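1. from the sequence below, what's the structure:
(2 chains)
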2 protein chains.
Amino acid sequence: MEDLLQPGQLLARGVCRHLATLGYASLTEFVPDRGLRVDVIALGPKGEIWIIECKSSRVDFQTDRKWQGYLDWCDRYFWAVDTEFPVELLPDETGLILADAHDAEIQRDAPLSKLAPARRSTLTRKFARTAAERLRGFTDPRPSQIYGV
Amino acid sequence: MEDLLQPGQLLARGVCRHLATLGYASLTEFVPDRGLRVDVIALGPKGEIWIIECKSSRVDFQTDRKWQGYLDWCDRYFWAVDTEFPVELLPDETGLILADAHDAEIQRDAPLSKLAPARRSTLTRKFARTAAERLRGFTDPRPSQIYGV
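-> Residues are numbered from 1 along each chain as shown, chains lettered A, B, ... in the order given. Predicted coordinates:
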């Protein structure tokens, strides 16, 4: 399994495991809006929405031109990096999670910037529908018969 | 696969496939509230919430003491039965879906009884978290290492 995952995906796995212990359900590779795709989105017990971008290297971070666009789609925004990552590169006003493939830990909490209710509702619905559709790909893996693709 | 599923679960599979063609994402065995467990809950593109109970036989229907409790947890309520089922048993003011293990069709639409916004929001969040947690059971099937169970 580990061989099949990219470094960023391994960090995401550790992040999702840690988020589960905090009561957050998470999805990877989620599209909050056209043209945006976040590594991890997490939904808390009270409806809190967090976005976590996983960066496996300095280059991976420096070539990211989209992350500021993610801030408008969550209550809190975090980076997840491994212990080798030069964390001084990361902007102060974001959260920081130290992760590996197996677990993670929140190093610095992210500032709260609360979503407007309408956007939270849209995002939660999209999260729900995406998760259920992916789940059905596992429990009833025969979409070709339905959609004719 | 079919050998492992009960008759009601096979109907649920056909129902979920049909709901997908209507743009509804669905989950089986969902718990909207303590003591309640519905066969299928579906979430539409605009946030519509449907509940579908799958009945494989007359006895299965007649021994159901809980279904009226489900009406308060959806916008529309349907029964799903196969073509052998004595549909005259089913109350008029509910929707009717004819299903088999492979597909389904809405025979009679269900009356609309719109959920209050707060309940819709709670249900959607619970749907989202349940789906994501089950999905993680497939994509990272090692919860014992996290929860210590």
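2. does chain B sit close to the helix or strand harbouring residue A:20?
-> If you go by DSSP states H and E, residue A:20 is part of helix A:7-21. Yes. On the criterion CB under 8 Å from any CB of the partner chain, helix A:7-21 is in touch with chain B at A:13, A:16, A:17, A:20, A:21. Where you see a C-beta, it was placed from the backbone N, CA and C, and this is true even at glycine.
3. helices or strands up against that helix?
-> strand A:25-30, strand A:38-43, strand A:49-55, strand A:76-81, strand A:95-99, strand A:104-108, helix B:117-139, helix B:143-147 (3 or more CB pairs under 8 Å, 6 or more residues apart in numbering or on different chains; DSSP states H and E).
4. so for residue A:125, which of the ones you listed sits nearest?
-> Across the helices and strands packed on helix A:7-21, the minimum distance to residue A:125, taken as CB to CB, is reached by helix B:117-139, at 5.6 Å.
5. so the closest one versus helix A:117-139, what angle?
-> Counting by axes from the mean of the first three to the mean of the last three CA atoms, to 10 degrees, helix B:117-139 lies at 40 degrees to helix A:117-139.
6. get me the contact residues on chain A for chain B.
-> Residues of chain A lying near chain B (CB under 8 Å from any CB): A:13, A:16-17, A:20-21, A:25-28, A:43, A:45, A:47, A:102, A:121, A:124-125, A:127-136, A:138-140, A:143, A:145-147.
7. tell me the contacts of the residue nearest the centre of chain A?
-> By CA atoms, centre = their mean, chain A has its centre lying nearest to residue A:40, at 1.0 Å. By CB atoms under 8 Å, 6 or more residues apart in numbering or on different chains, the residues touching residue A:40 are A:12, A:15-16, A:19, A:26-28, A:30, A:51-54, A:80.
8. report pLDDT for residue A:28.
-> Reported pLDDT at residue A:28 in the predicted model: 98.
9. number of nearby residues for it?
-> 23 (other CB atoms under 10 Å in any protein chain shown).
10. that one - nearest residue in space that isn't next to it in sequence?
-> Of all residues not flanking residue A:28 in the chain, residue A:12 sits nearest, at 5.2 Å (CB to CB, 6 or more residues apart in numbering or on different chains).
11. which of the contacts of residue A:40 sits closest to residue B:97?
-> Nearest to residue B:97 out of the contacts of residue A:40 is residue A:27 (CB to CB; 28.9 Å).
12. just checking, that closest one touches residue A:130?
-> Yes. In this structure, residue A:27 is within contact of residue A:130 by CB atoms under 8 Å, at 6.3 Å.
13. neighbour count: those two, which is higher?
-> Taking neighbours as other CB under 10 Å, residue A:27 and residue A:130 compare with residue A:27 leading, 23 against 20.
14. give me the below-cutoff pLDDT ranges for chain A.
-> Regions of chain A meeting the criterion pLDDT under 70 cover residues A:1-3, A:143-149.
15. ok so, going back, from the residues of helix A:7-21 next to chain B, pick the one nearest residue A:108.
-> residue A:21 (18.2 Å).
16. rewinding a little: who does the residue nearest to the centre of chain A bridge with?
-> residue A:28, residue A:52 (DSSP bridges).
17. any idea how far it is from residue A:18?
-> Distance from residue A:40 to residue A:18, counting by CB to CB, to the nearest Å: 11 Å.
18. same question, residue A:52
-> According to CB to CB, residue A:52 and residue A:18 sit 10 Å apart.
19. next, the contact list for residue A:6, please.
-> residue A:56.
20. now the helix holding residue A:20, how far from the centre of its chain.
-> Offset of helix A:7-21 from its chain centre (CA atoms, centre = their mean, to the nearest Å): 9 Å.
21. surely residue A:93 is within a strand?
-> No. Using DSSP: H, G, I helix; E, B strand; the rest coil, the assignment for residue A:93 is coil, not a strand.
22. residues near the residue lying closest to it once chain neighbours are set aside, how many?
-> Using CB to CB, 6+ apart and skipping residues adjacent in sequence, the residue nearest residue A:93 is residue A:111, 5.9 Å away. Residues within reach of residue A:111, counting by other CB under 10 Å, total 13.
23. list the contacts of residue A:111.
-> A:76, A:93, A:94, A:95.
24. ok, residue A:126 next?
-> Here residue A:126 is in contact with A:30, A:32 (criterion: CB under 8 Å, 6+ apart).
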